[in-house]
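Participant: Fold the following and give me the result.
(one chain, ligands or ions: 2)
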Amino acid sequence: MEPESLAQRSRAPTETDLPLEEVRRRILAELAPVSGSERVPLATSLGRVLAEDVHAAVDVPPHDNAAMDGYAVRSADLPAEGAAELQLAGRVLAGERREAELPPGHGVRIMTGAPLPPGADAVVIQERAELVGEAHVRLPGGVGPGENVRRAGEDIAAGAVALGAGCRLRPQEVGVIGSVGRAEVTVHRRPLVVFFATGDELRSPGEALAPGQIYDSNRPMIVAALRRLGVEVQDLGVVGDDPATLEATLHQVGGYADAVITTGGVSVGEADHVKPALEAVGDVAFWRVAVRPGRPLAFGWVGQAAFFGLPGNPVSAAVSLYKLVQPGLRRMMGERGDLAPVRIPALTAEPLRKRPGRAEFQRGILEHGADGVARVVSTGSQGSGVLTSLVHANCLIYLEADRGDVGAGETVHVQPLEGVQL
Ligand code: AMP
Ligand code: MG
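Facilitator: Numbering: from 1, shown residues only. Ligands and ions are numbered 1, 2, ... in the order given. Here you go, the predicted model:
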């Protein structure tokens, strides 16, 4: 069934495994932002990457204003100690503007966000004020200039770059763009990413399983991850373990996609045809990373498209996606910077098994004990087919390549799977 030469080729000895960090660097160095940009309304800009610097046309905030409800005063009118009585000179609410200068010895009732009247330089909070009759207020002394005042431009000065090109827009960036008054922004075009799973044993969810078959979990998982990342996804479904079909499919999608991602068939088994197919119709830049899970990973080019061949085991596919594909796609989406993951130290609550040689990402549960110390435990079986380990985990435990077994109480570094998200 299978051409002999192909089987031999796929079993041929290969180069040594590349260190994970080197693979990451090479992927980031080889990939560039896709060309093309578009103008989008702020309301639909979430997850996009800025293709322009967004300058502030105005100061943010636009005027000095009260940070609290209270009384706007000239701080010099109040003594260093004790208290003083000031005459009331009206009221200013948010959205209003009082042009008249605050006369010395007077205070103005002011609400949060209202512009400070000219002459005033501080706000005394209302909880510390005591009304005396209708027209006077007793205020404590010791109020410095600028107290409870938000200065014009203290967040963003007019003319400054509020957000730079290459910035991914999270809700808070969308808010900042709003704060400078912009209703539209120019963002990079979304890369078109084509995905297909490979494997004769795969059936799609909803279909009936025959003996020897399994449900395809990579395809829904990876398509979901790509959607969340914000690329445009074309889902080609499952392609069988057939060299000619794989070559034809790769050749075709290489003609229009920005990136192609596959799972399965990238190792050295007799039905692993992805790497030879890529060699036939494109270029393999490298494969095999000194990491576990996720050692087989082919990276290269087919036509105009970057190619990522991920392993079939679902946990391996997920970890490879997170570690190597996501940074690459984020670069293609236009993001700048080194896109390095956050790693935080934690103590192991139990020993972890680890063989020296490859970096490992074990699935872990990070908890803060009553003593406030972050401790991490393994989710249990670290089999690369145990996808529920990623459901139970709230972090990946990163163990350096040269590290061996880890004892309880040792320091390891973890990468939270979900950070703080607005
Ligand atoms: P492979 O990388 O093709 O050798 O596959 C390694 C293991 O992952 C095998 O047990 C496959 O059956 C399994 N596998 C491959 N693709 C998928 C998929 N899309 N969903 C679930 N399991 C898969
Ligand atoms: Mg396979």
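Participant: neighbours around P345, how many?
Facilitator: 10 (other C-beta atoms under 10 Å). Backbone N, C-alpha and C define where each C-beta goes, glycine included.
Participant: list the contacts for R74?
Facilitator: By C-beta atoms under 8 Å, 6 or more residues apart in numbering, R74 lies in contact with L102, P104, G119, A120, D121, A122.
Participant: what about 7 Å?
Facilitator: Contact partners of R74, counting by C-beta atoms under 7 Å, 6 or more residues apart in numbering, are L102, P104, G119, A120, D121.
Participant: Just the buried ones among those, please.
Facilitator: L102, A120, D121 (16 or more other C-beta atoms under 10 Å).
Participant: what's near enough to touch the last one?
Facilitator: By C-beta under 7 Å, 6+ apart, the residues touching D121 are R74, S75, P145, G146, V149.
Participant: Just send the residues you listed back as TSV, with secondary structure and distance to ligand 1 too.
Facilitator: What follows is these, written out as TSV (DSSP: H, G, I helix; E, B strand; the rest coil; distance: C-beta to the nearest ligand atom, whole Å):
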residue	secondary structure	distance to ligand 1
R74	coil	71
S75	helix	68
P145	coil	65
G146	coil	61
V149	strand	59
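Participant: now, which of those sits nearest ligand 2?
Facilitator: V149 (65.5 Å; C-beta to the ion).
Participant: restrict the buried ones among the contacts of R74 to contacts with ligand 1.
Facilitator: Residues of the buried ones among the contacts of R74 in contact with ligand 1 (C-beta under 6 Å from any ligand atom): none.
Participant: so of these, which ones are in helices?
Facilitator: Using DSSP state H, no member of the buried ones among the contacts of R74 sits in helices.
Participant: before we move on, the earlier item: pull out the buried residues from the contacts of D121.
Facilitator: For the contacts of D121, a burial check counting by 16+ other C-beta under 10 Å picks out R74, S75, V149.
Participant: which secondary structure element contains L396?
Facilitator: strand 395-399 (DSSP states H and E).
Participant: Any buried residues in the very next helix or strand once past that strand, and which?
Facilitator: Later in the chain than strand 395-399, the nearest helix or strand by DSSP H and E is strand 411-416. Within strand 411-416, the residues that count as buried by 16+ other C-beta under 10 Å are V412, H413, V414, Q415, P416.
Participant: Going by distance to ligand 1, which of those wins?
Facilitator: Q415 (23.5 Å; C-beta to the nearest ligand atom).
Participant: Now do the contacts for that closest one.
Facilitator: Contacts of Q415 (C-beta under 7 Å, 6+ apart): P341, V342, R343, C395, L396, Y398.
Participant: What sits closest to V281 if chain neighbours are left out?
Facilitator: Closest residue in space to V281, ignoring its immediate chain neighbours: H251 at 4.4 Å, by C-beta to C-beta, 6 or more residues apart in numbering.
Participant: Now do the buried residues in stretch 243-252.
Facilitator: By neighbour count on 16+ other C-beta under 10 Å, the buried set for stretch 243-252 is P243, L246, E247, T249, L250.
Participant: Return the subset of the residues you listed lying in helices.
Facilitator: Among these, the members that lie in helices (by DSSP H) are P243, L246, E247, T249, L250.
Participant: Take those and lay them out in TSV including pLDDT and distance to E173.
Facilitator: Listed next are these as TSV, based on pLDDT from 0 to 100; distance: C-beta to C-beta, whole Å:
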residue	pLDDT	distance to E173
P243	97	46
L246	98	40
E247	98	42
T249	98	37
L250	98	36
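Participant: Check those against P314 and report the nearest one.
Facilitator: L246 (20.2 Å; C-beta to C-beta).
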